[in-house]
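Undergrad: Kindly return the folded structure for what I paste below:
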Amino acid sequence: MLSIKNRMIVTRFAPSPNGPLHLGHAYSAMVAHDLAKQAGGRFLLRIEDIDGPRSRPELADAFRRHLALLGLDWEEPVRRQSEHFEDYAAVLERLRAMGLVYRCFKTRSEILEDIARAPHGVGESTAPGNDDNRCARAPNQLEDGRKAHALG
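TA: Numbering: from 1, shown residues only. This is a model prediction of the structure:
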């Protein structure tokens, strides 16, 4: 049985209901489900329905039907992200009060570069010189004139 230092394994499948379920979705859901079940863990379904007009409730319902047809089961209730905006706002406010919220000046390309350099395995650490924390240290505008992306 799989175990990580006597902790229960919890996996989840979190589709965005903005298009039909496809083979890649099904495979990801089955792998997550089977891993949790084999380890005596929990499998969660979470609906990422926060993409405004692109999110379609009928697709979320179809996802549930199709996953059930594949023999998958999950804990209820299914978490719909759109029902928890107040929770996220409260946590953001707590982080802001603790001084842990900062503006980000990085471009999408810079963020993707950071992701590529990030540790991706157990025991890996960030490479020396790879701790570019300029967003946390920066004022609301950089010297080159770039403004921060708004948060909250």
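
Undergrad: any idea of the mean pLDDT in the top helix by length along the chain?
TA: For the chain, the helix that runs over the most residues, judged by DSSP state H, is helix 23-38. For helix 23-38, the mean pLDDT works out to 96.

Undergrad: how many neighbours does Leu59 have?
TA: Other residues near Leu59 number 19, with proximity taken as other CB atoms under 10 Å. In short, each C-beta sits where N, CA and C put it, glycine included.

Undergrad: Quick check: buried residues in the biggest strand by length in the chain?
TA: The residue-count maximum for a strand in the chain (DSSP state E) belongs to strand 42-47. Buried residues in strand 42-47, counted by 16 or more other CB atoms under 10 Å: 43-45, 47.

Undergrad: Show me what that strand is packed against.
TA: With contacts taken as 3 or more CB pairs under 8 Å, 6 or more residues apart in numbering; DSSP states H and E, strand 42-47 sits against strand 10-13, helix 23-38, helix 57-69, strand 79-80.

Undergrad: Pull up the pairing partners for the shortest one, direction included.
TA: Right, the one you point to is strand 79-80. strand 42-47 (parallel) (DSSP bridges).

Undergrad: Show residues contacting the partner strand.
TA: By CB atoms under 8 Å, 6 or more residues apart in numbering, the residues outside strand 42-47 that reach it are 8-15, 17, 32-33, 36-37, 60, 63-64, 67, 72-75, 78-82.

Undergrad: picking up where we left off before, got the helices and strands packed on strand 42-47 as a markdown table, with distance to Leu95 columns?
TA: Putting the helices and strands packed on strand 42-47 into a markdown table (distance: least, CB to CB, whole Å) gives the following:
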| stretch | distance to Leu95 |
| --- | --- |
| strand 10-13 | 23 |
| helix 23-38 | 28 |
| helix 57-69 | 29 |
| strand 79-80 | 21 |
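
Undergrad: Would you tell me which of these gets closest to Thr107?
TA: Closest to Thr107 of the helices and strands packed on strand 42-47 is helix 23-38 (CB to CB; 27.9 Å).

Undergrad: could you check the angle strand 42-47 makes with the closest one?
TA: Going by axes from the mean of the first three to the mean of the last three CA atoms, to 10 degrees, helix 23-38 is angled at 150 degrees with respect to strand 42-47.

Undergrad: and for helix 23-38, what are the contacting residues?
TA: 1-2, 9-13, 15, 41-43, 63, 66-67, 70, 72-74.

Undergrad: Narrow the residues you listed to just the buried residues.
TA: 9, 11-13, 15, 41, 43, 63, 67, 72, 74.
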